[in-house]
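A.B. asks: Turn this into a model:
(one chain, ligands or ions: 1)
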Amino acid sequence: MRDAEAVQGRGILLIIAGGIAAYKSLELIRRLREQGVRVRCVLTRAAAEFVTPLAVASLAGEKVFSDLFSLTDEAEMGHIRLSREADLVVVAPATADLIAKMAAGLADDLASTALLATDKPVLIAPAMNPQMWQHPATQRNLAQLAADGIRRVGPAPGDMACGETGVGRMAEPAEILAAIEALLAPAVGTLEGVRALVTSGPTVEAIDPVRFIANRSSGKQGHAIAAALRAAGCEVTLVSGPVQEPDPEGVKVVRVESAEQMLAACRAALPVAVAVCAAAVADWRVAEPLAQKLKRRAGAPPTLVLAENPDILKTLARTGPTRPTLVVGFAAETEDLEANARRKLAAKGCDWIVANDVSMDEGTFGSVYNTVKLFRAEAEPEAWPRLSKAEVALRLVACIAAHLRNTSAVAA
Ligand code: C5P
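C.D. replies: Modelled structure (predicted):
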C-alpha cells in the first residue's frame with residue numbers, strides 16, 4: 001500500500017488565504033479528491049478575490065465556508081466543529097498575514113478562529129514575496145509556529161508573480177499532496193504491535209574520565225522516526241547516545257554512550273521486525289581509555305591509539321535467525337550521493353539506505369529540516385523534497401508499513 005491509498009476516506013480542512021498562489025490550491029483540491037480525500041474549504045475574504053467560492057465548491061464537492069458571522073453557517077456547522085471534524089488542517093497558501101495571526105493566536109475571522117480552535121495537526125504552505133518571507137517578523141512568526149508544532153511545506157525559490165525572484169513560491173500541489181499523505185498515512189495504525197528498533201544520536205567514546213570523542217549528531221531524525229513508528233502502532237525500543245531531544249512518548253528509551261554499548265543494547269532489543277539505524281556511530285574508539293585523567297605535559301602531546309568500532313547496522317543486517325525483516329541505514333554524504341548510497345547498501349547488507357547530502361548550505365546537523373533520497377535495493381531512488389525531520393520520519397514509516405504489508409502478503 002502506498003501513502004496515497006492510506007489516505008483514502010480521510011478528511012482535510014483546507015484554508016485558502018488571499019494570495020495569487022490560491023489558484024494552485026484548486027489543483028490541490030482536485031488531486032486530493034482523486035485520492036479519495038474529503039476536502040472541506042474555508043476561504044478568507046481576500047482569498048475570494050483570487051479564486052471564486054463557486055470554483056472551490058465545485059472541485060471540493062462541498063459547500064465553502066467563508067464568513068465567521070454567517071448565522072446560517074454557524075447553525076449548520078459551528079466553527080469549532082469545522083475545525084475538529086477534519087483529520088488534518090492545511091493552510092495553502094499561507095500568507096504572511098495569516099502566519100502572523102497564527103503566531104499571535106488571533107481569531108478575528110473564520111480561518112484564524114478555526115486554526116485556533118483545532119485539535120488536529122496543521123500543515124502550512126507559505127506563499128509570499130521574497131522580502132516578506134525574509135523579513136525578521138515573518139521569520140520570528142515561523143519560528144513560533146514551528147515551536148507550536150505546526151508543520152510546513154515550502155516555500156520554494158523561483159520567479160514570483162510580482163516580478164521578483166527569491167524564496168516565496170508556494171510548494172507545488174504534488175509536493176503539498178506528498179506532505180499531506182505523509183502526515184495522514186501513519187495515523188492509520190498499520191503497524192499495530194510490530195516490534196521496531198531505532199538507533200539515534202551520536203556515540204561518545206571515552207579518552208579518559210573527562211574527555212571523549214563525539215560528533216555533531218543531534219538525534220532529531222532518529223527520535224522523530226521512533227516517535228512516528230510509535231504513532232503508527234509499533235512497540236519501539238530507541239537506543240540513543242547522549243542528546244538534548246526529549247524521549248518520545250510511549251517509546252522504550254535505552255541510553256548509551258559508546259558504540260559497543262549501543263550494539264549490546266541493540267542486541268538485547270532483538271527480535272524486531274524493523275531496525276532503523278539513524279545513529280551517527282563513531283567509526284573509532286580509543287583503544288585503551290585511561291582510568292585517570294590524562295595529565296598535560298609541556299612539549300609532549302599524547303598520541304591516541306584508536307581501534308575500530310563494531311558496525312551496528314552491518315551486524316544487525318547479517319543473515320541469521322534474528323535478522324529483522326527490514327533493516328534501514330542512513331548515509332550522510334558530501335559527494336557522489338547515489339554511488340556511495342548504492343555501495344553502502346551492498347557493503348552493509350541492509351535493505352534500504354536513506355541518504356542525505358550534508359554538504360548543502362542549509363545544514364542538516366541539528367536542523368529541523370532534511371533533504372533525503374531513499375535507496376532500495378532494486379528500485380529507482382526516490383528523491384523527497386526538503387521536509388522537516390518529522391515529515392521525513394512519517395514518510396519513512398509509511399514506506400515501512402507498505403513494505404511489511406507486501407512482505408507478509410507474499411509470505412502468506
Ligand atoms: O558507514 P557509515 O557511517 O557512513 O554508515 C552510516 C550508517 O551505518 C548509519 O545507518 C549508521 O547508523 C550505521 N553505522 C552503524 N555502526 C557503525 C557505523 C555506522 O550502525 N559503526
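
A.B. asks: so how far is stretch 32-43 from its chain's centroid?
C.D. replies: Relative to the chain's own centre, stretch 32-43 is displaced by 22 Å; criterion: CA atoms, centre = their mean, to the nearest Å.

A.B. asks: who's in contact with that stretch?
C.D. replies: For stretch 32-43, contacts defined as CB atoms under 8 Å, 6 or more residues apart in numbering pick out 4, 7-16, 29, 51, 53, 56-57, 59-62, 64-66, 82, 85-86, 110-111, 114, 177, 180-181, 184. Every residue, glycine included, has its C-beta placed from N, CA and C.

A.B. asks: average pLDDT across it?
C.D. replies: In this model, stretch 32-43 carries a mean pLDDT of 93.

A.B. asks: and Pro324, how far is that from the ligand?
C.D. replies: In this view, Pro324 and the ligand are 13 Å apart by CB to the nearest ligand atom, to the nearest Å.

A.B. asks: what's the burial count for that residue?
C.D. replies: Pro324 has 20 neighbours, counted by other CB atoms under 10 Å.

A.B. asks: And it, how far from Val239?
C.D. replies: Separation of Pro324 from Val239 (CB to CB, to the nearest Å) stands at 14 Å.

A.B. asks: Overlap of the contact sets of the two?
C.D. replies: Residues touching both Pro324 and Val239 (CB under 8 Å, 6+ apart): Leu197.

A.B. asks: could you list every residue that touches the residue of the stretch 101-250 of the chain found nearest the ligand?
C.D. replies: The minimum distance from the stretch 101-250 of the chain to the ligand, using CB to the nearest ligand atom, falls at Thr199 (5.6 Å). Listed by CB under 8 Å, 6+ apart, the contact set of Thr199 reads 222, 238-240, 262, 266, 276-279, 281, 312.

A.B. asks: Apply 7 Å and report the result again.
C.D. replies: 222, 239, 262, 266, 277-279, 312 (CB atoms under 7 Å, 6 or more residues apart in numbering).

A.B. asks: swap in Ala179?
C.D. replies: Applying CB under 7 Å, 6+ apart to Ala179 gives the contacts 123, 153, 387, 391.

A.B. asks: and the nearest residue to the last one once chain neighbours are set aside, how many residues sit next to it?
C.D. replies: The shortest distance from Glu391 to any residue that is not its chain neighbour, by CB to CB, 6 or more residues apart in numbering, is 5.4 Å, and that residue is Ala182. The tally of other residues near Ala182 (other CB under 10 Å) stands at 28.

A.B. asks: wait, Ala182 sits on Ala398?
C.D. replies: Yes: in this structure Ala182 lies within contact range of Ala398 using CB atoms under 7 Å: 6.1 Å.

A.B. asks: in this structure, which helix has the most residues?
C.D. replies: Ranked by residue count and defined by DSSP state H, the top helix of the chain is helix 389-411.

A.B. asks: Let's see which of the contacts of Thr199 end up in strands.
C.D. replies: Among the contacts of Thr199, DSSP state E puts 239, 277 in strands.

A.B. asks: could you dump the contacts of Thr199 to a markdown table with distance to Asp119?
C.D. replies: Below are those laid out as a markdown table (distance: CB to CB, whole Å):
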| residue | distance to Asp119 |
| --- | --- |
| Gly222 | 28 |
| Val239 | 33 |
| Met262 | 37 |
| Cys266 | 37 |
| Cys277 | 35 |
| Ala278 | 30 |
| Ala279 | 34 |
| Ile312 | 39 |
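
A.B. asks: Of the contacts of Thr199, which are in range of the ligand?
C.D. replies: Among the contacts of Thr199, the residues that sit close to the ligand (CB under 6 Å from any ligand atom) are 277-279, 312.

A.B. asks: Pull the most distant pair out of those.
C.D. replies: Pairwise distances across these peak at 10.9 Å for Ala278 and Ile312 (criterion: CB to CB).

A.B. asks: for Ala269, what are its contacts?
C.D. replies: Listed by CB under 7 Å, 6+ apart, the contact set of Ala269 reads 197, 237, 239.

A.B. asks: Check those residues for burial and list the buried ones.
C.D. replies: Applying 16 or more other CB atoms under 10 Å to those, the neighbour count classes 197, 237, 239 as buried.

A.B. asks: Okay, and the beta partners of the second one?
C.D. replies: This means Thr237. Beta-bridge pairing for Thr237 (DSSP bridges): Leu197, Lys252.

A.B. asks: For it, give its distance to Ala228.
C.D. replies: Thr237 is 15 Å from Ala228, where distance means CB to CB.

A.B. asks: where does this structure come near the ligand, residue by residue?
C.D. replies: 199, 259, 277-279, 281, 309, 311-313, 329-331, 344.

A.B. asks: let's see it at 5 Å
C.D. replies: Proximity of the chain to the ligand, by CB under 5 Å from any ligand atom, involves residues 277, 279, 281, 309, 311-313, 329-330.

A.B. asks: part of a helix, is the residue nearest to Glu391?
C.D. replies: Yes: assessed by DSSP: H, G, I helix; E, B strand; the rest coil, Ala182 belongs to a helix.

A.B. asks: For it, give me its contacts.
C.D. replies: Residues in contact with Ala182 (CB under 7 Å, 6+ apart) are 3, 391, 394-395, 398.
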